[in-house]
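Got a predicted model here, sequence first, then my questions.
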Amino acid sequence: MGDPQVVQFYLSISIAIIMLGMGLSLSISDFKRIKDDPKGVFIGLFNQLILLPIIGFVIIKMVGLENELAIGLMIIAACPGGATSNLISNLAKGDLGLSVTLTALSSTITLFTIPLIANFAITHFMETDATITLGFWETFSKMVMITLVPVSIGMFIRSRSVKFADRMENPVKIASVVLMTTIIVGAVYANRNDLLPALPKVGLAVISLNVITMLIGFFMGIWFNLNLRQRVSISIECGIQNGSLALFIGQLGAMAAYPQILLAPAIYGTLMFATGGIFAAYYARLVSKDNAKNQF
């Protein structure tokens, strides 16, 4: 993808804008929702933070992904959806409040979990004599600067002027989706020579992770007696990951010397819009039918 430092700079700016847009839609009450709807929040967080990486690991073993490709899949499995999952959840007529709350909480918690999962993946899958690890606090501090700080700025703006935040929220979200799409398409294009031979295995692993996690999110909601709109939001939150953040992590430190790490996040980030759109259209119809049935 070019000079790693230049790539890191543009990724940092882009992710900061994406997270600023997310912050404009958040308030302190979103973090307090765990008291009002603990079951939905805990199920969503369990799926995102624990189940997703486990499923990713199982898929890697079943498909036979190796080295950098496996690390890339583990990294994308560790990155929460961000503003894109909220947007798709809204299109799917899910519980937008739950979606926003899950995004807010998972984005905070993964400041700690992403470095741990990334280091686990590196030490488990990388076959090299060199010692390659991510410095936990260095990674943590960089993630704080590109995620927590802009989210906090967006929340501060909203606390001062809800009207201004509401007016800016949609344009910034649209810009966020455009930026994320541009970054992911750029990553796919830059790594096209490595992509073609790896595509059969990586494509299968990525689509499996995406679809399986969305289905598990939905059916787990049934198992725990959540309402339909909650199930929809948890499903979308599980299946829509932050491809831009995963690409940023994949370029940190010594990992920048292994461009194939970026393949799984780049392919996932491309495919999730298609699968997310299909699921959203189906869910929206399902919710509309449920609403119509409940009116009689």
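It's in.

which residues of the stretch 51-200 of the chain score low on pLDDT?
82-83, 127-139, 180, 187-188, 190-191, 194-196 (pLDDT under 70).

so where do the helices sit in it?
Under the criterion DSSP state H, counting those that start in this stretch, the stretch 51-200 of the chain contains helices at 52-63, 67-78, 83-91, 96-125, 136-143, 149-160, 162-190, 192-223.

who's in contact with the third one?
Spelled out, that is helix 83-91. 18-19, 21-22, 25, 95-96, 99-100, 103, 173, 176-177, 180, 232-233, 236-237, 240, 242, 276-277, 280, 284 (CB atoms under 8 Å, 6 or more residues apart in numbering). Using the backbone N, CA and C atoms, a C-beta is placed for each residue, glycine as well.

residue contacts, the closest residue to Gly72 other than its chain neighbours?
With sequence-adjacent residues excluded and distances taken as CB to CB, 6 or more residues apart in numbering, Gly72 is closest to Ala264, at 3.4 Å. Contact partners of Ala264, counting by CB under 8 Å, 6+ apart, are 65, 69, 72-73, 75-76, 202, 205-206.

Surely Ile60 and Ile76 touch.
No - taking CB atoms under 8 Å as the definition, Ile60 is not a contact partner of Ile76, at 11.5 Å.

Give the helix, strand or coil label for the residue nearest in space to the middle of the chain.
Among the residues of the chain, the one closest to the centroid is Gln241, at 2.2 Å (CA atoms, centre = their mean). Secondary structure, DSSP: H, G, I helix; E, B strand; the rest coil: Gln241 is coil.

from what I can see it touches Ile75, true?
No - in this structure, Gln241 is not within contact of Ile75 by CB under 8 Å, at 9.5 Å.
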